[in-house]
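A.B. asks: Model the following, please.
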Amino acid sequence: MGSLDYPAMRMSIIVLILCSLALGAAAFLFVPTTQADAERTVTTEQAAADAGATVLPTDPKLSVEPK
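C.D. replies: Residues are numbered from 1 along each chain as shown. This next block holds a predicted model:
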């Protein structure tokens, strides 16, 4: 006399499990994957230009280098 003795409850649990499996499979198959960062051959300047930005130096060059 468990709580899963009702056929409608069993059917709804089976439907929920099948829906979650179907959504998981769809996400796995249809969500695009991106390349790993190590495989890309894009420099910082190229990536900034693609985004419409420019890369500026953070510190000005020293007029006299320390010894």
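A.B. asks: Quick one: name whatever helix or strand follows the longest helix along the chain.
C.D. replies: Ranked by number of residues, the top helix in the chain under DSSP state H is helix 7-30. Going down the chain from helix 7-30, the next helix or strand is helix 44-50, by DSSP states H and E.
A.B. asks: tell me the mean pLDDT over that following helix?
C.D. replies: For helix 44-50, mean pLDDT is 83.
A.B. asks: Just name the shakiest helix or strand of the chain by mean pLDDT.
C.D. replies: helix 44-50 (a mean of 83; mean pLDDT, DSSP states H and E).
A.B. asks: Contacts for that one, please.
C.D. replies: Contacting residues not belonging to helix 44-50 are listed as 42, 54-55 [C-beta atoms under 8 Å, 6 or more residues apart in numbering]. The C-beta positions use only the backbone N, C-alpha and C, and glycine is treated the same way.
A.B. asks: centre of the chain versus it, how much separation?
C.D. replies: In terms of C-alpha atoms, centre = their mean, to the nearest Å, the centre of helix 44-50 is set 21 Å apart from its chain centre.
A.B. asks: Can you show me the CA trace of that helix as CSV?
C.D. replies: Presented in CSV, the C-alpha positions along helix 44-50 are these (Å, rounded to 0.1, in the frame of the first residue of the first chain):
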residue,chain,number,x,y,z
THR,A,44,43.8,40.5,-27.6
GLU,A,45,43.9,43.3,-30.1
GLN,A,46,41.9,41.2,-32.6
ALA,A,47,39.3,40.2,-30.0
ALA,A,48,38.9,43.9,-29.0
ALA,A,49,38.6,45.0,-32.6
ASP,A,50,35.9,42.4,-33.2
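A.B. asks: Let me have the contacts of helix 44-50 in TSV, adding neighbour count and distance to residue 32 as columns.
C.D. replies: Formatted as TSV, those follow (neighbours: other C-beta atoms under 10 Å; distance: C-beta to C-beta, whole Å):
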residue	neighbour count	distance to residue 32
42	12	18
54	8	28
55	12	27
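A.B. asks: Kindly reformat those residues as CSV containing distance to residue 30.
C.D. replies: Below are the contacts of helix 44-50 laid out as CSV (distance: C-beta to C-beta, whole Å):
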residue, distance to residue 30
42, 26
54, 36
55, 35
